[in-house]
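**Student:** return a 3D structure for these sequence lines:
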Amino acid sequence: MEENNPIIRHVFTADPTVLEHRGIVYLYTGHDDPLPGSEQYTMNDWLCFSSVNLVDWNTHPSPLAANDYSWASGDAFASKIICHNQKFYFFTAVSHKRIPGKAIGVATSESPLGPFRDPRGEALVTGDMLPVAADEKSNLDPSVIIDDDGSAYLFWGNGRCFYARLSANLLEIDSEISELHLPHFNEGTHIYKRDGHYYLMYGYGAPERVAYAMSDNLHGAWKFVGIVNELAGNCETNRPATLDFKGKSYFFYHNGALPNGGSHRRSVCVDYMYYNGDGTIKKIVMSSEGISPQK
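**Tutor:** The predicted model follows:
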C-alpha cells in the first residue's frame, strides 16, 4: 500500500488553507518548528506548496512571516487565502506587540506565490475590538467568504465564534462584530458555500474533532449537523480546509503522523470528501493512503 498521507513529509505543517488558480492548487500551511524536545507551539512563518494532481507537491519559498507585520511580535498561527478581483488576500493570526493577545492581519499579493505585503500597516482585528471581554487567544483562525452579492465576511475565534462584514477592498471591518453560538466551539473556523448551502466547520471540543453547521443564509439560522472528522491521530488540534477540484471534493486537515510528530509537530493530509443528496457531508474517512493523483 502506498502511503500518500501526510502529503508534505520534509517539514512539519499545520492549519491548511487551499485554493485553485488557473488549474494549479496552492496549499498554504503553518510551520511547526519547535526546538528538539520542546512541547511548545513554535511557528514563525507560513509555507506554500503547489500541485496539479494533489499528490505531487512543489515547495515554494515562504510567502510571509509573522514578523513581516511591523506591529506583530511573532507567532504564525492559522491562516486563510482567497483570490478576489485578481488579487490574493492572506488573512493570518499573530501575536500583537502592543495590544494584549492575538490579532488578525491581512497581507496582499498580485501572485499566489507572494511575496505578501501588509497594506494596512496595522492589525485588522485586535482584542479591544471584540464585543465581549477578550482572552489571549480570542483572535485565532480567520476564515473568509465572498457571498453571491460580492460582500465579504470574516469568521474567527477561540472559545467563541465571531464574524463581521469586511469592506469592499477586504481591508477593513465594516460592521459590528457579532457572535455565533455553536455547540462546543473551540477554534479552527472554515466557512464556504457549495450548491446553495453555507457550511461552517470548526474544531469541536478538546482534543478537537471537526464538526459543522449548515445554513441557507449566511446570517443564519445555522443548524448544527454533527461531527464530520474524528480525532486525527496523536494530535490535539485540527483546522480543516475543503476543495472542489476536477469534479471531486477533498478534505484537508492535519495530524501528528510523521516520525517524531505530535501536537506541536503536525502534518497536513488530504482525503476524499463526499456529500449526501441533501447537502450534508458524509463522515470523512481518514487514511494513510490518501488520494490518487488527479489528472
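**Student:** if you count neighbours, what's buried in stretch 266-285?
**Tutor:** Neighbour counts using 16 or more other C-beta atoms under 10 Å place 266-271, 273, 281, 284 of stretch 266-285 among the buried residues. No exception for glycine: its C-beta is placed from N, CA and C like everyone else's.
**Student:** so what's the nearest residue to residue 274 once chain neighbours are set aside up against?
**Tutor:** Nearest residue to residue 274, sequence neighbours excluded (C-beta to C-beta, 6 or more residues apart in numbering): residue 282, at 4.4 Å. Neighbour list for residue 282: 273-276 [criterion: C-beta atoms under 8 Å, 6 or more residues apart in numbering].
**Student:** in strands, which of the buried residues of stretch 266-285 fall?
**Tutor:** 267-271, 273 (DSSP state E).
**Student:** relative to residue 218, which of these is nearest.
**Tutor:** Using C-beta to C-beta, residue 273 comes nearest to residue 218 of those, at 21.2 Å.
**Student:** specify the local secondary structure of the closest residue to residue 186 other than its chain neighbours.
**Tutor:** Take residue 186 and drop its neighbours on the chain: the residue closest to it by C-beta to C-beta, 6+ apart is residue 203, 4.3 Å away. Secondary structure for residue 203, judged by DSSP: H, G, I helix; E, B strand; the rest coil, is strand.
**Student:** surely residue 203 meets residue 239?
**Tutor:** Yes. Counting by C-beta atoms under 8 Å, residue 203 touches residue 239, with 6.7 Å between them.
**Student:** between these two, who's got more neighbours?
**Tutor:** More neighbours surround residue 239 than the other of residue 203 and residue 239, with 31 against 26 (other C-beta atoms under 10 Å).
**Student:** before we move on, back to that, could you report the pLDDT at the residue nearest to residue 274?
**Tutor:** Per-residue confidence (pLDDT) for residue 282: 98.
**Student:** cool, residue 1 as well?
**Tutor:** Residue 1 carries a pLDDT score of 57 in this model.
**Student:** likewise residue 292?
**Tutor:** 88.
**Student:** swap in residue 172?
**Tutor:** On pLDDT, residue 172 comes in at 98.
**Student:** equivalent analysis for residue 232, please.
**Tutor:** If you check residue 232, the pLDDT there is 88.
**Student:** count residues in the vicinity of it, would you?
**Tutor:** Using other C-beta under 10 Å, residue 232 has 24 other residues around it.
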